[in-house]
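[1] here is a sequence together with a model predicted from it:
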Amino acid sequence: MTIDVVILAAGKGTRMRSDLPKVLHPIGGVPMLGRVINAAKGLGDVSITVVIGHGAELVRERFADSGVQFVEQTEQLGTGHAVAQAIPNFREGATVLVLYGDVPLVKTATLQDLLQASENGPALLSVVMDDPKGYGRIVRDSLNAVQAIVEEKDADNAIRTIREINTGILAAPGNLLAQWLPELSNDNAQGEYYLTDVIARSVSENIAITGVIADDPFEVAGVNSRAQQAELERALQADTANALMTAGVTLLDPARIDVRGNLTCGADVSIDINCIFDGEVSLGDNVQIGPNCLLKNCQLAAGTVVEANSIIEDAIVGETCTIGPFARLRPGTELANGAKVGNFVETKKARIGLGSKVNHLSYIGDAEVGEGVNIGAGTITCNYDGVNKSKTVIGDGAFIGSNSALVAPVEIGAGATIGAGSTITHEVSADELAVARGKQRNISGWQRPTKKS
């Protein structure tokens, strides 16, 4: 089947109260339109046309590398008019699938079911709602065949009691849509060209319409306000949490995890409350994540423990490492197996070797730390002179005393010792002791100042 996807993304989204086009607002860290495009791409080799309007340039810019085509709807004259803008992109013999940029949770599997149902004519996606107020109703005949879709503003009291509503998602032969859409009428309460009127046209020409009912109302729910955005965010996170637990992940509280990208986990992973996973995150077997942590675009190998309130971004962490609490691993950090980065330690573009320890209150940036190194509390690598950044190299087995400043560029040899409180500005050779601090003087008989009367 040749599939041409049309995604409607021209609306302003007035109720969002935002200068950002509605379809660029995120759900699970991904713009709503991006989620719809990804669902469509999951169908295989499809052609995707996005109909844009409000904030067109911002939408084009955001998805310039997505491989989709854009057409612009300069006047907002309804869904039928919007789809008609894409007619020049319809391919011969294609089935056209109409999606919406503000319906972000639609699943590829549901779209596959809809396309399969459209092999003999138009197929529409519906859902049964407890409260259908505000939605167009699906009207069926005595044989349960779809006969019409009636918008609520055009519906009488009897039709308004119907609980099956139209989602707007439709699959139909492109040649029929190309014929019918230019012939739509706007003789209705809104003065718009409704896409749903093609259903009545299909009925009038004795072309059967197949209705496919979605199982999950959230999957076909649209976003028109901040409240609806938040509702779908929580629905997505709940679905993600359930999938993680089904795969064997322990979540201390499934209601308090946010995945804003893709999180992959090995066996026996444990995640405490209030953790955020952003971008591409991979957790190996037996990884433990403490409460209130943020992990972004990082890889943690098996057995690593992340203590509470830690941030890890664009970092690669080996096996059985310990991080935190209150640690921050900035981009470019690499920890070898068994390394430890403790409380109130920040690293950036730092490679920490096998079994090395930076236990507390330190900054290690633009540094290469060998194996078995111990870096004492309060140590900093002075990597920035106000203009340029320079590198610190610390050899295997070195011991850096507390409250030391290593002024880069500088190299500390293997097995060297730096006395506490030292400011190191020159190379320290292997196995040497370096002490660089002022000489202590003890003054006898010194009197403390007293407060003047």
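    Alright, I've got the coordinates. Residues are numbered from 1 along each chain as shown.

[2] how does the chain divide up, domain by domain?
    3-220, 247-434 (automatic domain parsing).

[3] closest to Gln229 out of these?
    domain 3-220 (6.0 Å; CB to CB). From N, CA and C alone the C-beta is placed, and that goes for glycine too.

[4] quick one: mean pLDDT over that closest one.
    For domain 3-220, mean pLDDT rounds to 93.

[5] pull out the buried positions in stretch 266-273.
    Gly266, Val269, Ser270, Ile271, Asp272, Ile273 (16 or more other CB atoms under 10 Å).

[6] Asp4: what's its closest spatial neighbour, skipping adjacent residues?
    Ala94 (4.3 Å; CB to CB, 6 or more residues apart in numbering).

[7] count of residues packed around the one you found?
    19 (other CB atoms under 10 Å).

[8] what does Glu152 give?
    Number of residues near Glu152 (other CB under 10 Å) recorded here: 15.

[9] next: the one 4 residues further on.
    Taking other CB under 10 Å as the neighbour definition, Asp156 ends up with a count of 8.

[10] before we move on, the earlier item: so the residue nearest to Asp4 makes contact with Asp45?
    No - Ala94 is not in contact with Asp45 according to CB atoms under 8 Å; the separation is 11.6 Å.

[11] looking at the domains of the chain, which is closest to Glu231?
    Short answer: domain 3-220, nearest of those by CB to CB, at 8.0 Å.

[12] can you give me how far that closest one is from the chain middle?
    24 Å (CA atoms, centre = their mean, to the nearest Å).

[13] so what's in contact with Ala94 and Asp45 at the same time?
    Here Ala94 and Asp45 share the contacting residues Ile3, scored by CB atoms under 8 Å, 6 or more residues apart in numbering.

[14] what about the helices in this protein?
    32-41, 56-62, 79-84, 108-117, 157-160, 174-180, 197-204, 226-246 (DSSP state H).

[15] just those: most buried one?
    Mean neighbour count (mean count of other CB atoms under 10 Å) peaks for helix 79-84 among these, with a mean of 24.

[16] show me what that helix is packed up against.
    strand 3-9, strand 95-100 (3 or more CB pairs under 8 Å, 6 or more residues apart in numbering; DSSP states H and E).

[17] closest to Leu433 out of these?
    Nearest of the helices and strands packed on helix 79-84 to Leu433, taken as CB to CB: strand 3-9 at 66.7 Å.

[18] and Arg137, how many neighbours?
    If we define neighbours as other CB under 10 Å, then Arg137 has 23 of them.

[19] isn't it up against Asp156?
    No - counting by CB under 8 Å, Arg137 does not reach Asp156; the two are 10.3 Å apart.

[20] spatially nearest residue to Glu192 (excluding sequence neighbours)?
    Glu192 sits nearest to Gly78 (CB to CB, 6+ apart), 3.0 Å away.

[21] any idea how far Gly168 is from the one you found?
    Plainly put, Gly78 is 11 Å away from Gly168 if you go by CB to CB, to the nearest Å.

[22] please apply the same query to Ile199.
    Taking CB to CB, one finds Ile199 at 11 Å from Gly168.

[23] ok, now which ones touch Gly11?
    Lys22, Val23, Gly53, His54, Gln76, Asp102.

[24] could you redo the last one with a cut-off of 7 Å?
    Contacts here follow CB atoms under 7 Å, 6 or more residues apart in numbering; on that basis Gly11 touches Lys22, Gly53, His54, Asp102.

[25] I'd like to know how far the first one sits from Gly13.
    With distances taken as CB to CB, Lys22 is found 3 Å from Gly13.

[26] more neighbours: which of these two?
    Higher neighbour count among Lys22 and Gly13: Lys22, with 27 against 22, using other CB under 10 Å.

[27] wouldn't the more buried one be in contact with Met16 here?
    Yes - Lys22 lies in contact with Met16 (CB atoms under 7 Å); the separation is 5.3 Å.
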